[in-house]
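K.L.:
one predicted model, sequence on top.
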Amino acid sequence: MEDTGLQPNGVTITALVDGLSKEGCVEEARKVIDRVSRGSEHHNKFYGLLVVSLCQIGKTKEAEKIFKMVIASGMKPNDLVSSIIIKAIFLEDRVLDGFGLFDSLEKSGHFPAIDSDIMLAGLCEKSHLVEAAKLATLIVERRIQLKSPWLREEFS
């Protein structure tokens, strides 16, 4: 594309990053992102897309590594991407890893819109009661309403 003098737009980059990541070509996807969006306001968005795409194909550990790299580079994580990666980690039964990522985001001033009920249930189920208590305290302090299906059924 660049050889013809054309600059790729957001749709083109999105399709490339999504396709490359789903084919397992993560390094190529990162090169595309860095080449066409470094320094732009969309750089973080394309890395978020890469993280989400990797979660969708079950490569959560790789997505987590990239997500942490994005945070370490000083980019502000997108709430939706944060929620997706934390939920994916929890669903892999790595509840302490998921809580650790959530906790580090919360300490840095980012409070991702997560499924608090999934996190709380996972921590309690695995007997990580200190972490569950910390999360429960945050839920109460921030007045987050739990959306568990069993609560809706009982009280509707």
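P.N.:
The structure has been received and is ready for your questions. Numbers count the residues shown, from 1 in each chain.

K.L.:
make it CA atoms for all contacts and neighbour counts henceforth
P.N.:
Will do.

K.L.:
tell me where the model's unsure across the chain.
P.N.:
1-6, 39-40, 112-113, 146-156 (pLDDT under 70).

K.L.:
just the helices in it please.
P.N.:
Using DSSP state H, the helices found in the chain span residues 10-22, 26-37, 43-56, 60-72, 79-91, 95-107, 116-125, 129-141, 149-155.

K.L.:
what sits against the closest residue to Glu64 other than its chain neighbours?
P.N.:
Leaving aside its sequence neighbours, Glu64 sits nearest to Ile85 (CA to CA, 6 or more residues apart in numbering; 6.7 Å). Counting by CA atoms under 8 Å, 6 or more residues apart in numbering, Ile85 touches 51-52, 55, 60, 63-64.

K.L.:
try 10 Å
P.N.:
Taking CA atoms under 10 Å, 6 or more residues apart in numbering, we find Ile85 in contact with 48, 51-52, 54-56, 60-61, 63-64, 67, 91, 98, 101-102, 114.

K.L.:
quick check, nearest of those residues to Asp79?
P.N.:
The shortest approach to Asp79 among the contacts of Ile85 belongs to Ile114, at 8.4 Å (CA to CA).

K.L.:
distance of the closest one relative to Leu80?
P.N.:
8 Å (CA to CA, to the nearest Å).

K.L.:
can you list the domains in this structure?
P.N.:
1-75, 95-156 (automatic domain parsing).

K.L.:
how far off centre is the first one?
P.N.:
To tie it back to what came earlier, the one meant is domain 1-75. 14 Å (CA atoms, centre = their mean, to the nearest Å).

K.L.:
what does stretch 118-137 give?
P.N.:
On CA atoms, centre = their mean, the centre of stretch 118-137 falls 19 Å from the chain's centre.

K.L.:
list the buried residues of it.
P.N.:
118-120, 122-124, 131-132, 135-136 (16 or more other CA atoms under 10 Å).

K.L.:
can you give me the end-to-end span of it?
P.N.:
15 Å.

K.L.:
can you check stretch 18-27 too?
P.N.:
12 Å.

K.L.:
hmm, who's touching that stretch?
P.N.:
Applying CA under 10 Å, 6+ apart, the contact partners of stretch 18-27 are 12-17, 28-30, 32-33, 46, 49-59, 62-63, 66.
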